[in-house]
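Colleague: Return a 3D structure for these sequence lines:
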Amino acid sequence: MLAAPGLRPAAVALVLLEEGPGADLPGIARPPSWSDSPAILLTRRSEALRNHAGQWALPGGTIDPGESAEAAALRELREEVGLELGMAQVLGKLDDFTTRSGFAITPVVMWAGPARRLVVNDAEVASIHRIPVREFMRSDAPMLDAIEDSVHPVLRMPVGNTWIAAPTAAFLYQFREQCIAGRDIRVAHYEQPMFARK
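Modeller: Numbering: from 1, shown residues only. The predicted model follows:
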């Protein structure tokens with residue numbers, strides 16, 4: 001984990017699970033029945049939250065004192081979407097990402113299988129989506145946009161008829177490249193759009 005003064009350590013759960021009933025998102029076809037194709041669990045954050053309200057996110061939050069990144073990600077997963085996993089389902093970690101809002105985020109990759117029962121925590125989550133992994137393999141991903149206040153581009157990942165911004169997009173892109181395509185890449189240098197810096 002990145003250790004820098006003033007940064008708040010956080011962890012997110014990048015959960016692989018079955019596509020199930022689909023993504024429930026415009027631009028992504030719904031399977032005719034339960035699909036066991038691999039998907040990634042994503043949420044839209046509640047508009048009532050203080051940080052990053054309404055944005056696409058992986059389940060996660062601040063790491064408590066004495067807690068590991070893996071334990072924090074598992075706890076947040078349980079709290080946000082009602083999914084109870086254990087250390088045996090943890091597959092590994094991707095690179096940390098430092099946000100403009102002052103977090104050092106560690107993405108923890110997990111396997112959840114069917115995960116048929118997910119429950120929205122209304123205080124934190126607006127909706128839950130099972131995005132098929134194939135959606136992140138699109139030829140128009142990633143989307144890189146120049147920004148005035150940095151030499152590095154903003155990273156976005158298209159999904160359905162919309163897109164996801166960094167830092168979540170950075171985790172998804174590194175997962176795609178390293179875990180699916182077998183290419184060793186770094187993503188910590190990519191920028192976030194202005195709205196994601198709050």
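Colleague: from here on, contacts and neighbour counts on C-alpha atoms
Modeller: Fine.
Colleague: Okay, now the unreliable bits of the protein?
Modeller: 1-5, 47-54, 194-198 (pLDDT under 70).
Colleague: who are the neighbours in contact with Leu7?
Modeller: Residues in contact with Leu7 (CA atoms under 8 Å, 6 or more residues apart in numbering) are Thr98, Gly102, Phe103, Ala104.
Colleague: Narrow those to those that are buried.
Modeller: Thr98, Phe103, Ala104 (16 or more other CA atoms under 10 Å).
Colleague: want to throw these into TSV with secondary structure and distance to Pro65?
Modeller: As requested, these are exported to TSV (DSSP: H, G, I helix; E, B strand; the rest coil; distance: CA to CA, whole Å):
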residue	secondary structure	distance to Pro65
Thr98	strand	19
Phe103	strand	15
Ala104	strand	14
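Colleague: now, which of those residues sits nearest Ala11?
Modeller: Comparing these against Ala11 with CA to CA places Ala104 closest, at 8.1 Å.
Colleague: Next, find the distance separating that closest one from Ala188.
Modeller: 10 Å (CA to CA, to the nearest Å).
Colleague: packing partners for the top helix by length along the chain?
Modeller: Looking across the chain with DSSP state H, the single longest helix is helix 69-81. Applying 3 or more CA pairs under 8 Å, 6 or more residues apart in numbering; DSSP states H and E, one finds that helix 69-81 contacts strand 8-20, strand 60-62, strand 103-111, strand 125-132.
Colleague: strand partners of the shortest one, parallel vs antiparallel please.
Modeller: When you say that, I think you mean strand 60-62. Applying DSSP bridges to the sheet, strand 60-62 is found paired with strand 8-20 (antiparallel).
Colleague: mind checking how far stretch 30-40 is from the chain centre?
Modeller: Its chain's C-alpha centre and that of stretch 30-40 lie 19 Å apart, by CA atoms, centre = their mean, to the nearest Å.
Colleague: Next: stretch 145-155.
Modeller: Centroid separation for stretch 145-155 versus its chain: 21 Å, with CA atoms, centre = their mean.
Colleague: Kindly report the same for stretch 57-74.
Modeller: That offset, for stretch 57-74, works out to 13 Å (CA atoms, centre = their mean).
Colleague: And stretch 164-175, what's buried?
Modeller: For stretch 164-175, using 16+ other CA under 10 Å, the buried residues are Ile164, Ala165, Ala166, Pro167, Thr168, Ala169, Ala170, Phe171, Leu172, Tyr173, Gln174, Phe175.
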